[in-house]
Every structure is written in structure tokens, then in C-alpha cells.
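1. A structural model of the following input is requested.
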Amino acid sequence: MLLRNDLLVYAGSRPHTVRILWIDSAAALAYTYELKAADALPYVAPLAQLESDVGQGRARLLASDPYCVRADPAALPPKYLALRDQAWAVVASLVRQEPALFDARRRGPLVAACAAAHGISSPTIYRYLRRYWERGQHADALLPDYANSGAPGRTRGANANIKRGRPSKSGAVGLNADAAVRGIIRAAVLRYAAMHPVFSRRAAYRQMVDEYFGAHPETAPTYGQFSYWIERDGDPAPPA
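-> So this is what the prediction gives:
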């Protein structure tokens, strides 16, 4: 099952990666966005075709999202948060008009109206939208590019030989939850929530271990790490 924000990597003569931006209620059509492509815009694709691409090996579904931006607001300078919030105020007014925003014929008038309402240019709005689509479709995607200037707000880097956090009570070693592991945790939570009307954190954890670490369960994060990063990254899961 493919979900909103899933990333599909295509190889072949023109390697590229696409993000699924939206899926209709009938699970028939999806809007996708090509990452790292100049002037990219959403385009429609049959969901069955995307699923076939994955099933037939033409595309690979990423288990984690290396493009998703997550930050601790308490660790960011106020000016970064102000810039994010300024951009989010613009983007949020357009996001409420999905899927019309994805339609090429309707997007231009929507962006023009938004530009007039906020007193900014249409190119600025498209820059915001592309950053939002590229980086995971949430407000933090609109943060400035701070990663190359001291990296405020980034989670402390992991040392391969030193595990962060207190020791597990069960004696399990676990692993440092780097960006890739945190991406797997987010994907596992979303997949479990999409497949079950009632969310169980422990059942979601077991499903994650089976699906992503089945051959080597000893390399999976501990349940404590799983729970911590659900809450730390603000994933849509209840606390049970």
C-alpha cells in the first residue's frame, strides 16, 4: 500500500525520485512531485501504475525519508521560526485548497490570488510550495537552510560506538536512531495507522520490526526508542 509522502526512486536511463503528495479517496489517482528537479510541479499518475512500478521493480519504495526536515523549535533562533511561520501562513492558505492546487489549470489563479492577498510575488509562493513539497509537506519544511551554518536545531550526531540515551532495562542494546531510523519509525507508524482503525503502539512496533528488520531483528531500535521518537518527531499516533 502506498501512502501520502511515500518516496519512489526510479533508476534506468533517467534516475529520479518522486514524492506522493496526495491520493484520492478512491485510491485511483495520485499527485506526485519529482524531487531535485528545477521548476518541478505536481503531476497526476494512476495509483495502480505507481504500485506496479514498485511491484515490478521499476521503482524502489524508500523506507525512510532523507529529504524530510525536522527541527526542535526550542533550539532554533527566533528569526528562523519567524521566517518559517511567515512562509507557512502563505502555504497553509493554499494547502487548504488541495487537490485543486495540484491541477495545472487551477493552480495559477490560486497562486495569483494568494500573492495578491499576502502582498508577495507569485515566484516567491512557488518557491515556498516547492520547498514544502520537497521536504515532506509540513511547516518545518519551510525553515531556512540552516544545516550548513552551524546546524542549530539538528539532533546531535551519532557515534557508531556510543549509543545515546540510558541503557535499556531489558538489556537490549538497540541502535542510535539516526535520520534513516527515525524515517523508518515515521513510515511504520503511518502504515500501521492506515491499516488499523485503532492504533496500538506496541503492535505498530512489532509490525515495524517484522517488516523492516525481519532478517536481523537485533538491529531494530528498542521499543523505548520507538516510543521516544514518535513523541519527539510529532508523529500522528496516540500515546497508548
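2. Next, name the residue at the spatial heart of the chain.
-> Against the mean C-alpha coordinate of the chain, by CA atoms, centre = their mean, the closest residue is Gly136 at 3.6 Å.
3. tell me which residues of the longest strand along the chain are tucked away?
-> The strand of greatest length in the chain, counted in residues with DSSP state E as the criterion, is given as strand 16-23. Neighbour-count burial for strand 16-23, with 16 or more other CB atoms under 10 Å as criterion, is recorded at 17-23. For the C-beta atoms, the positions are set from N, CA and C on the backbone; glycine is no exception.
4. export the residues you listed to CSV and tack on distance to Leu35 and pLDDT?
-> CSV is the format used below for these (distance: CB to CB, whole Å; pLDDT from 0 to 100):
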residue, distance to Leu35, pLDDT
Thr17, 5, 96
Val18, 7, 97
Arg19, 6, 96
Ile20, 11, 96
Leu21, 11, 96
Trp22, 16, 95
Ile23, 18, 95
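5. hang on, the earlier thing: paired strands for the longest strand of the chain, with orientation please.
-> Using DSSP bridges, the strands paired with strand 16-23 in its sheet are strand 7-10 (antiparallel), strand 29-34 (antiparallel).
6. Nearest to Thr222, out of the ones you listed?
-> Of all the strands paired with strand 16-23, strand 7-10 sits nearest to Thr222, with 25.8 Å by CB to CB.
7. Show me which positions of the closest one end up buried.
-> Neighbour-count burial for strand 7-10, with 16+ other CB under 10 Å as criterion, is recorded at 7-8.
8. from the chain's centre, how far out does it sit?
-> Going by CA atoms, centre = their mean, to the nearest Å, the spacing between the C-alpha centre of strand 7-10 and its chain's C-alpha centre is 13 Å.
9. Same check on stretch 56-67?
-> Taking the mean C-alpha point of stretch 56-67 and that of its whole chain, the gap between them comes to 13 Å (CA atoms, centre = their mean).
10. which residues sit against that stretch?
-> The set of residues external to stretch 56-67 that reach it, using CB atoms under 8 Å, 6 or more residues apart in numbering, is 2, 5-12, 17, 19, 35, 50, 52-54, 134-136, 179-184, 186-187, 212.
11. Mark which of those are part of strands, please.
-> With strands identified by DSSP E, the entries of the contacts of stretch 56-67 that belong to them are 7-10, 17, 19.
12. Neighbours of Leu50, how many?
-> Leu50 has 22 neighbouring residues, counting by other CB atoms under 10 Å.
13. Same question for Pro66.
-> For Pro66, the neighbour count with other CB under 10 Å is 11.
14. before we move on, what SS does it have?
-> coil (DSSP: H, G, I helix; E, B strand; the rest coil).
15. Tell me how far it lies from Ile230.
-> Distance, Pro66 to Ile230, using CB to CB, to the nearest Å: 19 Å.
16. The protein: helices as residue ranges?
-> Defined through DSSP state H, the helices belonging to the chain, from first to last, are 47-55, 78-95, 104-118, 122-134, 179-195, 201-213, 223-233.
17. right, and those helices - which one's nearest Leu142?
-> Across the helices of the chain, the minimum distance to Leu142, taken as CB to CB, is reached by helix 78-95, at 4.0 Å.
18. CA atoms of that closest one as CSV?
-> C-alpha atoms of helix 78-95 as CSV (Å, rounded to 0.1, in the frame of the first residue of the first chain):
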residue,chain,number,x,y,z
PRO,A,78,13.7,33.3,16.7
LYS,A,79,14.4,34.7,13.2
TYR,A,80,14.3,31.2,11.7
LEU,A,81,11.0,30.5,13.3
ALA,A,82,9.6,33.8,12.2
LEU,A,83,10.7,33.1,8.6
ARG,A,84,9.1,29.6,8.8
ASP,A,85,5.9,31.0,10.2
GLN,A,86,5.7,33.7,7.6
ALA,A,87,6.1,31.2,4.8
TRP,A,88,3.7,28.8,6.4
ALA,A,89,0.9,31.4,6.6
VAL,A,90,1.1,31.6,2.8
VAL,A,91,1.4,27.9,2.1
ALA,A,92,-1.3,26.9,4.6
SER,A,93,-3.9,29.1,2.8
LEU,A,94,-3.1,27.1,-0.4
VAL,A,95,-2.8,23.7,1.2
